[in-house]
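Participant: next come a sequence and a model predicted from it.
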Amino acid sequence: MKPLNDTRLRLLGPVALFAFVALFFRLDWYLKLPIKTALFNDAIGLTAGLICWQIARWVVLRLQKQYPGLANTRRRLLWLLAVLPVLVTFAWLLRHTVRFLIEGQFLYFTSAVELSRTLGMQVFYHFIYFVVYEGWYISRQWQRATVETNDLQKVSLQSQLTSLQSQVNPHFLFNCLNSLSSLIREDPVAADQFLEELTSVFRYQLQASEDRLIALREEMSFIHAYIHLLQTRYPTGLVFDLAVDESLLALFIPPLAIQVLVENAVRYNVILATKPLTIRISTTSDRWLLVENTLQRKSIRIDTVGEGLTNLAATYALLGQETIQIDEQKGRYMVSLPLLSQESVAISPSIS
């Protein structure tokens, strides 16, 4: 969050507040005083107000640092209520100790009514201090949460659009239908299985694109169907190696994340029977999913804006998680995705 810049407010705020109270709450009292006495009171009141504003500001900002975010708003407010009597007492002592040192006596507190009235005014002052800084903080936090939610929705919509475009891509459909047509003539049983896997892929893409996160178990089930389609198209040029720890299948990732990485590998690399493309999908003990492929780039340039990887990185960032990692070495390209648990992120109810 952008640092608070309130230099003018710290200087003018106490003056404006003091003037407001003097005009609307204590004007009749001030009119009864001699000018010299009124100016003397104003000088003491303004000085005390400036000091108390700084102290109250420090307390509020300290609590915001100690208990940040909207989730801790109740805790911060309870702490402010707890320290309010201390700050009010200090303000009263500060103001009237200065008066006592100058005049040698307390002039205005011969009655409980006057004492109660003065303490009440101090409570009012500190209430304004708290409202100014805590209200500003809550407003900024709410705006930030709103922006992040909107950004996440945009990323989700963009991901859905990208996925939908992939689903209805004429080349994708042509290749699948061409493969299916060949299988129907050559191997009807294999054609039935291909059609079943193709239906499963389309169904998953339509359903999963509506979720923020999805279980790795479901994503891997989808990937098996997707791999079947790819290996039907490239029976000897595409090799998959799956090494996913079953104990991690209950963790979560953004939907269609693995498909994006597999599709990128197929799109940008040469696939030949004499030079097969190997794609390995694995996990690590520290809860990372790795998608690695041999690097054998096509010589023909393919126009792209890298929307898939950009959306993945943005999704992890907006969820407040570690970002994806990309590692390119000689002959090898690898993307690492952090696997998420229910405890590490607030998962929406729509997650399967």
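Facilitator: Everything's here; your move. Residues are numbered from 1 along each chain as shown.

Participant: isn't Val262 right next to Leu277, touching?
Facilitator: No. In this structure Val262 lies outside contact range of Leu277 using Cβ atoms under 8 Å: 10.4 Å. Placement of C-beta: from N, CA and C, glycine included.

Participant: so, low pLDDT: which residues of the protein?
Facilitator: Residues of the chain that meet the criterion pLDDT under 70 lie in 1-5, 10-45, 99-115, 117, 148, 150-175, 177, 208-211, 300-307, 343-352.

Participant: mind listing the strands for it?
Facilitator: Assigned by DSSP state E, the chain shows strands spanning 214-215, 238-243, 252-253, 277-283, 288-294, 325-329, 332-338.

Participant: turn these into TSV, columns for mean neighbour count and distance to Ala71.
Facilitator: Listed next are those as TSV, based on neighbours: other Cβ atoms under 10 Å; distance: least, Cβ to Cβ, whole Å:
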stretch	mean neighbour count	distance to Ala71
strand 214-215	20	25
strand 238-243	14	38
strand 252-253	23	21
strand 277-283	18	31
strand 288-294	20	27
strand 325-329	11	29
strand 332-338	19	22
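
Participant: which strand residues bridge the nearest residue to Leu213 once chain neighbours are set aside?
Facilitator: Of all residues not flanking Leu213 in the chain, Phe252 sits nearest, at 4.1 Å (Cβ to Cβ, 6 or more residues apart in numbering). Beta bridges link Phe252 to Ala215, Leu340, judged by DSSP bridges.

Participant: where's Phe252 relative to Arg217, distance?
Facilitator: Going from Phe252 to Arg217 by Cβ to Cβ, to the nearest Å gives 10 Å.

Participant: likewise Glu292?
Facilitator: 21 Å.

Participant: try Leu242
Facilitator: According to Cβ to Cβ, Leu242 and Arg217 sit 13 Å apart.

Participant: repeat that for Leu319.
Facilitator: From Leu319 to Arg217 the distance is 19 Å (Cβ to Cβ).

Participant: give me the neighbour count for Asn178.
Facilitator: For Asn178, the tally of surrounding residues (other Cβ atoms under 10 Å) stands at 11.

Participant: oops, could you answer that again for Leu272 instead?
Facilitator: Counted by other Cβ under 10 Å, the residues lying close to Leu272 total 12.
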